[in-house]
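>>> Just need the structure, nothing else, for what follows:
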Amino acid sequence: MKPTLTVGKVESGPRRRVDVRASGNLCAVTVLAWIALASLVAWLWLACVWGRFWRTDQRLPAYVAPDSWPSVAIVVPARDEAAMVPLTLPTLIAQDYPGPVRVLLVDDESADGTGDIGRGLGAEVITAGEPPPGWTGKLNALRAGVVAAGDVDFLLFTDADIAHAPSSLRCLVGAAADRDLVSQMARLRVHTFWERLVVPAFVYFFTMLYPFRWVNRPRARTAAAAGGCSLVRRVALERAGGLAAVRGAVIDDVAIGRMIKRGGGRIWLGLADHVDSVRPYPRLADLWQMVARSAFSQLRYSAWLLIGTVLGLGLVFVAPLAALFGGALAAAIGGATWLLMAATFVPMLRYYRQPVLLAFSLPFTAVLYLAMTIDSARQHWLGRGAAWKGRTYAS
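Down below sits the predicted model:
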């Protein structure tokens, strides 16, 4: 009788299939583990090396009162802000500043009586007029305010929705004794569900892009400012080229900070304790518009930078959660990364007086911001550009 190998083939076939399947699963687990490890390394680098961006200790520096206080013009650009100026202009007019100060409300072609309300509250009101070609509306309004201010020592650029404590201007000028730009990121409103979810993360992501410690270091290249509250020395602004040098900037505050620093000026940026935004963002759509109108301009309208942003945010924020479903090793690394990520978000939540457990929502909020950025690019490619209160700006 001839020997046969049929039994051996029958036995070896299934075993081979099982081995291949196990090998494929092992390969998938290994890939997820490596991705999770890369994400963990990225977060260790961000937490330990990237300017300690997650710290909230950059607050307005202490100062020694000068013998003579310099002159200041407070410039408030306002377009259709009839609901905001009654809440904010009185806080500027009531400043306890010891030196000469003027409050200039720049009416940027408002259709709701903003200028009349400003006059009734006691502010000097000037009209900006239609922006010339190449100018954004806000920068054109700021320029009108600078011209009207004349030969003052300092200019305080502050938005129409920003309320200031009585000592705000005095503290800003005191801190600017040896600086050319002192800027504070106003504390935004966090009353509704969407405000609590999105606003602290918005400020957190801003500090990740522009670590305040690096902004405040004279020799570092990083530069930025917060448009809601920026005190700038007039001669430094002129020396750097004036507002005309950044006339088309959609993200005007960062552009001004960069211009002053590159012009040899010393700048400072931190979180505010007594400067607050009173503008409500009750719906997700309101917050979406706030972010999407300028997000793609932050990427210089580059499709390649958008792709890099998608991949980078995916690795940093999404990969740790995906790794939780990739086996014991990948899940352990992903969980550790998620904990580290959440820990860096806790100081910002405490600054906004929000529950610490909200830190674990950061990956989901990051995905939301990514969607806003992609939508910003979509609007740009559809020819809508950056839109704000009836005006649209091309790249």
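>>> What sits closest to V278 if chain neighbours are left out?
On the basis of CB to CB, 6 or more residues apart in numbering, the spatially nearest residue to V278 that is not a chain neighbour turns out to be L87, at 4.9 Å. Every C-beta, even on glycine, is put in place using the N, C-alpha and C of the backbone.
>>> so who does that neighbour touch?
When the contact criterion is CB atoms under 8 Å, 6 or more residues apart in numbering, the partners of L87 are D161, A163, V278.
>>> Now R143. Nearest residue, chain neighbours left out?
Leaving out its chain neighbours, the residue that sits closest to R143 by CB to CB, 6+ apart is L243, at 4.8 Å.
>>> And the helices in this protein, which stretches?
For the chain, helices defined by DSSP state H occupy the ranges 6-48, 85-93, 114-121, 137-149, 168-175, 193-209, 212-215, 234-239, 252-262, 284-298, 303-313, 319-323, 328-351, 362-381.
>>> picking that back up, wait, which of the contacts of L87 is closest to A224?
The closest of the contacts of L87 to A224 turns out to be D161 (CB to CB; 19.8 Å).
>>> Tell me how many other residues crowd the closest one.
By the criterion of other CB atoms under 10 Å, D161 has 22 neighbours.
>>> quick one: it and A225, what's the gap?
Using CB to CB, to the nearest Å, one gets 17 Å for the distance from D161 to A225.
>>> With A377 instead?
Using CB to CB, we find A377 at a distance of 25 Å from A225.
>>> so who does the nearest residue to P347 once chain neighbours are set aside touch?
Counting by CB to CB, 6+ apart, T56 is the residue found nearest to P347 once chain neighbours are left out, at 4.6 Å. Under the criterion of CB under 8 Å, 6+ apart, the neighbours of T56 are L271, P347, M348, R350, Y351.
>>> Provide a list of residues in contact with the residue nearest to L37 when sequence neighbours are not counted.
Excluding its sequence neighbours, the residue lying closest to L37 (CB to CB, 6+ apart) is I333, at 5.6 Å. If you count contacts by CB under 8 Å, 6+ apart, I333 has them with A33, A36, L37, S39, L40, P320, A323.
>>> again, only this time at 6 Å
Counting by CB atoms under 6 Å, 6 or more residues apart in numbering, I333 touches A36, L37, L40.
>>> shouldn't the last one be in contact with L339?
No: shown here, L40 and L339 do not form a contact pair, counting by CB atoms under 6 Å, at 10.3 Å.
>>> Show me which of A377 and A225 is the more surrounded one.
A225 (30 against 19).
>>> on that earlier part again, can you get me a residue count around the residue nearest to R143?
26.
>>> Compare L40 and L339 (neighbour count), which wins?
L40 (20 against 13).
>>> Model confidence score at the residue lying closest to that one once chain neighbours are set aside, please.
Leaving aside its chain neighbours, L40 sits nearest to T337 (4.4 Å; criterion: CB to CB, 6+ apart). Per-residue confidence for T337 comes out at a pLDDT of 97.
>>> show me what contacts T337?
Residues in contact with T337 (CB under 6 Å, 6+ apart) are S39, L40, W43, P320.
>>> State the pLDDT value of the residue nearest to V278.
Confidence per residue is given as pLDDT, and for L87 that number is 97.
>>> what do you get for V31?
V31 carries a pLDDT score of 84 in this model.
>>> In this structure V101 contacts V72, no?
Yes: V101 is in contact with V72 according to CB under 6 Å; the separation is 4.7 Å.
>>> Looking at the two, which is more packed in?
Here V101 and V72 are set side by side on neighbour count (other CB under 10 Å), and the busier one is V72, at 26 against 21.
>>> Check the spacing between the more buried one and W135 real quick.
The span separating V72 from W135 equals 25 Å under the rule CB to CB.
>>> got it, and A176?
Using CB to CB, one gets 27 Å for the distance from A176 to W135.
>>> Check V41 too.
44 Å.
>>> Which of these two has more residues huddled nearby?
Summary of the neighbour comparison: V41 and W135, criterion other CB under 10 Å, with W135 having more neighbours (20 against 11).
>>> Which member of the contacts of T337 is positioned nearest R119?
Distance to R119, by CB to CB, is smallest for W43 among the contacts of T337, at 52.5 Å.
>>> Which residue is the nearest non-sequential neighbour of the closest one?
Excluding its sequence neighbours, the residue lying closest to W43 (CB to CB, 6+ apart) is L340, at 5.0 Å.
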